[in-house]
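Enquirer: below are the sequence and a predicted model for it; my questions follow.
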Amino acid sequence: MITAGQMRAARALLGIDQRRLAELSGLSLPTIQRMEASEGVVRGNVDSLMKLAGALDEAGIDLLGEGAASPAGGRGVRLKAALR
């Protein structure tokens, strides 16, 4: 699963815009825009989500799930859990 926030952060790390992400993933610009406008987890058909994840992986992005460790190291961002 990927969230809209992860998509935006990944694009920022890569220094690309939505149009370039659409080109890299083979998806349309409106599809990328809809995905990024989602609340929380991105919705889409499995094929589109796989294309998106594959393109980000190919570009060097390691998507981390909630609570996942980052054993490979490297630079990245992670949203801290809300303080209570």
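Expert: Happy to help now that I have it. Residues are numbered from 1 along each chain as shown.

Enquirer: the helices in the chain, which residues?
Expert: 4-14, 18-25, 29-36, 46-58 (DSSP state H).

Enquirer: so how far is stretch 23-43 from its chain's centroid?
Expert: 9 Å (Cα atoms, centre = their mean, to the nearest Å).

Enquirer: quick one: average pLDDT of it?
Expert: For stretch 23-43, mean pLDDT rounds to 94.

Enquirer: only the buried residues of it, if you could.
Expert: Across stretch 23-43, burial judged by 16 or more other Cβ atoms under 10 Å covers 24, 25, 27, 31, 32, 34, 35, 36, 42. Heads up, the C-betas are built off the backbone N, CA and C, glycines and all.

Enquirer: okay, it in PDB with CA atoms only?
Expert: What follows is stretch 23-43, C-alpha atoms only, in PDB (Å, rounded to 0.1, in the frame of the first residue of the first chain):
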ATOM      1  CA  GLU A  23       5.700   9.100 -17.800                       C
ATOM      2  CA  LEU A  24       7.900   6.900 -15.600                       C
ATOM      3  CA  SER A  25       4.900   4.700 -14.400                       C
ATOM      4  CA  GLY A  26       3.100   4.600 -17.800                       C
ATOM      5  CA  LEU A  27       0.000   6.000 -16.100                       C
ATOM      6  CA  SER A  28      -1.900   9.100 -17.200                       C
ATOM      7  CA  LEU A  29      -1.400  12.500 -15.600                       C
ATOM      8  CA  PRO A  30      -5.100  12.600 -14.400                       C
ATOM      9  CA  THR A  31      -4.600   9.100 -12.700                       C
ATOM     10  CA  ILE A  32      -1.500  10.400 -10.800                       C
ATOM     11  CA  GLN A  33      -3.400  13.500  -9.800                       C
ATOM     12  CA  ARG A  34      -6.400  11.500  -8.500                       C
ATOM     13  CA  MET A  35      -4.000   9.200  -6.600                       C
ATOM     14  CA  GLU A  36      -2.300  12.100  -4.900                       C
ATOM     15  CA  ALA A  37      -5.600  13.800  -4.100                       C
ATOM     16  CA  SER A  38      -6.600  10.700  -2.100                       C
ATOM     17  CA  GLU A  39      -7.100  10.800   1.600                       C
ATOM     18  CA  GLY A  40      -4.700   8.300   3.200                       C
ATOM     19  CA  VAL A  41      -4.100   5.100   1.300                       C
ATOM     20  CA  VAL A  42      -4.200   5.600  -2.500                       C
ATOM     21  CA  ARG A  43      -7.000   3.800  -4.300                       C
END
